[in-house]
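Asks: need a 3D model of the sequence below.
(one chain, ligands or ions: 1)
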Amino acid sequence: MGILDKIKSILPKRKPPEPVNNVPKEKENIRKTFGVYCNGNHGTSDGKLCPKCTALLTTVMLKIQRCPYGISKPVCDNCETPCFGEDATNNFLDIMKSGRKKMLLSHPLMTIKHKIASIGADYAKMQREKNSSEKQKTQEEKAKSKIANAFKSPKTSSKSKKKKKKK
Ligand SMILES: [Zn+2]
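Replies: The predicted model follows:
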């Protein structure tokens, strides 16, 4: 068994970082923002949507379900690679932008949380990547020193015993 295999056998198996599921919250947020926007601009009421907004929301929900970023996705209106198609993305961004202004009045806490989430998602991803590589390094160093000690200690103790016997 090579030294590398020994290190690998000592190293604790890396747990994958637990992803936070942002999808349900984001869906709820988008649905509410659409409702607020449509009620204010398209003559609908009670959070119900006009056919046009319903169609766009259906597209958006479907795309979120298939988001390549998975459950720890960035919020859609802050995404670098929007997947709704050009027209739908522009409409979506308009609705989210003007809907959010109204949301601030009707759902202030949710709007602020959404804003924090849009900043936090990127930051959390960066931190996760940083932490996991640092953890791995320290674990490898610990394992190396463990092995080094394991090889050293029996030899030195046996030597000292021999010396004592000779005397
Ligand atoms: Zn509408």
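Asks: so what's K155 scoring on pLDDT?
Replies: Note for K155: predicted pLDDT of 50.
Asks: show me what contacts the spatially most central residue of the chain?
Replies: Closest residue to the average C-alpha location of the chain: S72 at 3.8 Å, with CA atoms, centre = their mean. Shown in contact with S72 (CB atoms under 8 Å, 6 or more residues apart in numbering): P19, V20, N21, N22, A121, A124, K125. Yep, even glycine has a C-beta here, placed from its N, CA and C like the rest.
Asks: could you check how far the second one is from V36?
Replies: Separation of V20 from V36 (CB to CB, to the nearest Å): 26 Å.
Asks: how about Q136: what's its closest non-neighbour residue?
Replies: Nearest residue to Q136 in three dimensions, chain neighbours excluded: R14, at 6.9 Å (CB to CB, 6 or more residues apart in numbering).
Asks: check C50 too.
Replies: Leaving aside its chain neighbours, C50 sits nearest to H42 (4.3 Å; criterion: CB to CB, 6+ apart).
Asks: the one you found is in contact with T54, isn't it?
Replies: No. Applying CB atoms under 8 Å as the test, H42 and T54 come out as separate, 10.5 Å apart.
Asks: how about H107, phi and psi?
Replies: Backbone dihedrals for H107, given as degrees, to the nearest 10, come out at phi -130, psi 70.
Asks: count the residues that sit near it.
Replies: 17 (other CB atoms under 10 Å).
Asks: if I pick it, what's in contact with it?
Replies: K32, V36.
Asks: try it again at 10 Å.
Replies: Residues in contact with H107 (CB atoms under 10 Å, 6 or more residues apart in numbering) are N29, K32, T33, V36, R100, K113, H114.
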